[in-house]
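**Student:** Dropping the sequence and predicted coords here.
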There are 2 protein chains.
Amino acid sequence: MKKIEFAPVIILTNPQMGENIGAAARAMLNFGLKSMRIVSPRDGWPNQRAIDMASGAFDVIDPPQIFTSLKDAAADLQILYATTARPRDMVKPVYTPRAAALEIRAHEQGGIKTGLVFGGERAGLSNEDITLCQNIITAPLNPDFSSLNLGQAVLLLSYEYFTAADDTPASVLQRGKSPAATHKDLEGFLERLENILDEQGFFRTAELRSSVARNIRAIFMRSDLSAQEISTLHGIITALIRK
Amino acid sequence: MKKIEFAPVIILTNPQMGENIGAAARAMLNFGLKSMRIVSPRDGWPNQRAIDMASGAFDVIDPPQIFTSLKDAAADLQILYATTARPRDMVKPVYTPRAAALEIRAHEQGGIKTGLVFGGERAGLSNEDITLCQNIITAPLNPDFSSLNLGQAVLLLSYEYFTAADDTPASVLQRGKSPAATHKDLEGFLERLENILDEQGFFRTAELRSSVARNIRAIFMRSDLSAQEISTLHGIITALIRK
């Protein structure tokens, strides 16, 4: 992957469990983010539980930088997004993760440094820390069960960041080693099938023939057959008429 | 939340660690999914580690049903989606999680029962199990670090399912208890500010006045001020001119 200079920085404030810091690092790297800053980790840094949970992610991301306040951790950043589960009584724009990701990608293109700020496990972000952020991100969740843990929250935001610039086709027929059949191959098969069915008296009446033949055609056309599959179908017919 | 009868069933095949089954249950419920089936859990069922990890989710979702094969687990379902990290040599449609979620929502509307099938931690889904599924889902991931654990994979798919029908506005100004200022309030403030700045000789020349006044206006108009904030700004001006 090419180096992205203005990718968002993940800032974890007051994280408690090393496992969650490790899960966050792993989630970041899953989606190509490499810059983590940690404000006042409860159990200090480095943390063996974090390293154990990260599946090697700390060997690849930049070494986390440690700070004692969000103000210091964010000093060189320009736009901050606070992640919160519940509304606060502040006049700030609230984004879905998806909308925030699109904006962050636009900032990245414009050379603006952004940070995604996450609170600790127990209480989330303090109002003081949210006050330092221009924007709020709140993920849509089942209102009856809306506890996302820290690793999961970092996963969702990193995933949306990644997919906001991802050009994977929404849906594509994976063909393995078999190229698609040509129209001629497909027609050759369908004509052979219809001819044999004619010979066997499958189409009871001439009136029915055209609609039934159309239905049979539709089955095989929907399958988006490969050349190999056409051969297989020919083989099936040959085997069946041999009887 | 209203009961959704045709929401997708989450099927975990050969899961190993109870923790991951628990994380999957929690992730499902975070996004409103309540039906889990488990094929041959390594450590049997029920599993205390799963329950400990689920933050109470097993008290809310339907009791998981246990099967010995995917074929049995999926017997009453109509369309299955196999989740895989790597391509297989099979001719099947491959969806992103987002595209699959839209299709699953459409099936839900049409009364079609769907299942999302996840493999075990070590090897993912077997080719035999994928063969039973009409479709494949592969999440876009950093190609250099693409290990999603089971709980994370269930989280992403459940999240996409939820957001596919979520009507949360992409971005909205959270106003807390302060309604937006009226145009009249805003104009009253800006006129007062400009008048005072005129009195103080802030605008050096008449030529500069209009462009500088326009810039000042832009700052405050961008802020999308509340009525309360306009009052605060009036108070600031009053305090400053008192000096």
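**Tutor:** Good, I have the coordinates.
**Student:** which residues sit in contact with A:Gly120?
**Tutor:** Shown in contact with A:Gly120 (Cβ atoms under 8 Å, 6 or more residues apart in numbering or on different chains): A:Thr13, A:Asn14, A:Pro15, A:Gln16, A:Arg42, A:Leu150. All C-beta spots, glycine's among them, are computed from the backbone N, C-alpha and C.
**Student:** again, only using 10 Å
**Tutor:** By Cβ atoms under 10 Å, 6 or more residues apart in numbering or on different chains, the contact list for A:Gly120 reads A:12-17, A:20, A:39-42, A:126, A:150.
**Student:** can you map out the helices along chain A?
**Tutor:** For chain A, the helices defined by DSSP state H cover A:18-30, A:48-53, A:70-73, A:97-109, A:127-131, A:150-163, A:183-199, A:206-222, A:227-241.
**Student:** re the thing from before, buried only: go through the contacts of A:Gly120 for me.
**Tutor:** Buried members of the contacts of A:Gly120, counted by 16 or more other Cβ atoms under 10 Å in any protein chain shown: A:Leu12, A:Thr13, A:Asn14, A:Pro15, A:Met17, A:Asn20, A:Val39, A:Ser40, A:Pro41, A:Leu150.
**Student:** need the helices of chain A in CSV with mean pLDDT and distance to chain B, can you?
**Tutor:** What follows is the helices of chain A, written out as CSV (pLDDT from 0 to 100; distance: least, Cβ to the nearest Cβ, whole Å):
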stretch, mean pLDDT, distance to chain B
helix A:18-30, 96, 5
helix A:48-53, 96, 10
helix A:70-73, 97, 20
helix A:97-109, 95, 4
helix A:127-131, 93, 11
helix A:150-163, 96, 6
helix A:183-199, 93, 14
helix A:206-222, 87, 11
helix A:227-241, 91, 7
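**Student:** count of residues packed around A:Gly115?
**Tutor:** Using other Cβ atoms under 10 Å in any protein chain shown, A:Gly115 has 23 neighbouring residues.
**Student:** So the residue nearest the centre of chain A versus A:Ala139, what's the distance?
**Tutor:** The residue lying closest to the centre of chain A (Cα atoms, centre = their mean) is A:Tyr159, at 4.9 Å. Note on A:Tyr159: its distance to A:Ala139, by Cβ to Cβ, to the nearest Å, is 11 Å.
**Student:** and for those two, which residues touch both?
**Tutor:** Shared contacts of A:Tyr159 and A:Ala139, counting by Cβ under 10 Å, 6+ apart, come down to A:Pro97, A:Arg98, B:Tyr159.
**Student:** List the buried residues for stretch A:215-225?
**Tutor:** Going by 16+ other Cβ under 10 Å, stretch A:215-225 has these buried residues: A:Phe220, A:Leu225.
**Student:** circling back to that earlier point, of the contacts of A:Gly120, closest to B:Ile196?
**Tutor:** A:Ser126 (36.7 Å; Cβ to Cβ).
**Student:** Now do the contacts for the closest one.
**Tutor:** A:Thr13, A:Asn14, A:Leu70, A:Ala82, A:Gly119, A:Gly120, A:Leu132.
**Student:** Redo these as CSV? Include distance to A:Leu193.
**Tutor:** CSV is the format used below for the contacts of A:Ser126 (distance: Cβ to Cβ, whole Å):
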residue, distance to A:Leu193
A:Thr13, 67
A:Asn14, 69
A:Leu70, 70
A:Ala82, 63
A:Gly119, 64
A:Gly120, 66
A:Leu132, 70
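**Student:** ok, what's across the strand from A:Ala82?
**Tutor:** A:Val117, A:Ile136 (DSSP bridges).
**Student:** Pull the number of nearby residues for the residue nearest to A:Arg49 when sequence neighbours are not counted.
**Tutor:** The shortest distance from A:Arg49 to any non-neighbouring residue, by Cβ to Cβ, 6 or more residues apart in numbering or on different chains, is to A:Gly18 (3.1 Å). Neighbourhood size, A:Gly18 [other Cβ under 10 Å]: 22.
**Student:** who touches A:Gly18 in this structure?
**Tutor:** With Cβ under 10 Å, 6+ apart, A:Gly18 has these contacts: A:41-54.
**Student:** Just the buried ones from those residues?
**Tutor:** Judged by 16+ other Cβ under 10 Å, buried ones among the contacts of A:Gly18: A:Pro41, A:Asn47, A:Ala50, A:Ile51, A:Met53, A:Ala54.
**Student:** correct me, but the second one touches A:Ala24?
**Tutor:** In other words, A:Asn47. No: under the criterion of Cβ atoms under 10 Å, A:Asn47 makes no contact with A:Ala24, lying 11.8 Å away.
**Student:** so what sits against both of these two?
**Tutor:** A:Pro15, A:Ile38, A:Met53, A:Pro64.
**Student:** out of these, who's nearest A:Gly115?
**Tutor:** Of all the shared contacts of A:Asn47 and A:Ala24, A:Ile38 has the smallest distance to A:Gly115: 12.4 Å, by Cβ to Cβ.
**Student:** Any idea what that closest one is bridged to?
**Tutor:** Bridge pairing for A:Ile38 - DSSP bridges - gives A:Leu12, A:Ile66.
**Student:** what does A:Gln174 give?
**Tutor:** B:Lys92.
**Student:** How confident was the prediction at A:Met1?
**Tutor:** pLDDT recorded at A:Met1 is 49.
**Student:** For the closest residue to A:Phe203 other than its chain neighbours, give me its contacts.
**Tutor:** Once flanking residues are discounted, A:Phe203 sits nearest to A:Arg209: 3.9 Å by Cβ to Cβ, 6+ apart. Shown in contact with A:Arg209 (Cβ under 10 Å, 6+ apart): A:Glu194, A:Leu197, A:Asp198, A:Phe202, A:Phe203.
**Student:** try A:Ile21
**Tutor:** With Cβ under 10 Å, 6+ apart, A:Ile21 has these contacts: A:12, A:15, A:36, A:38, A:41-43, A:45-47, A:49-51, A:53-54, A:58, A:64, A:150-151, A:154.
**Student:** Tell me the one of the contacts of A:Gly18 nearest A:Glu229?
**Tutor:** Taking the contacts of A:Gly18 together and measuring to A:Glu229 by Cβ to Cβ, the closest member is A:Ala54, at 43.7 Å.
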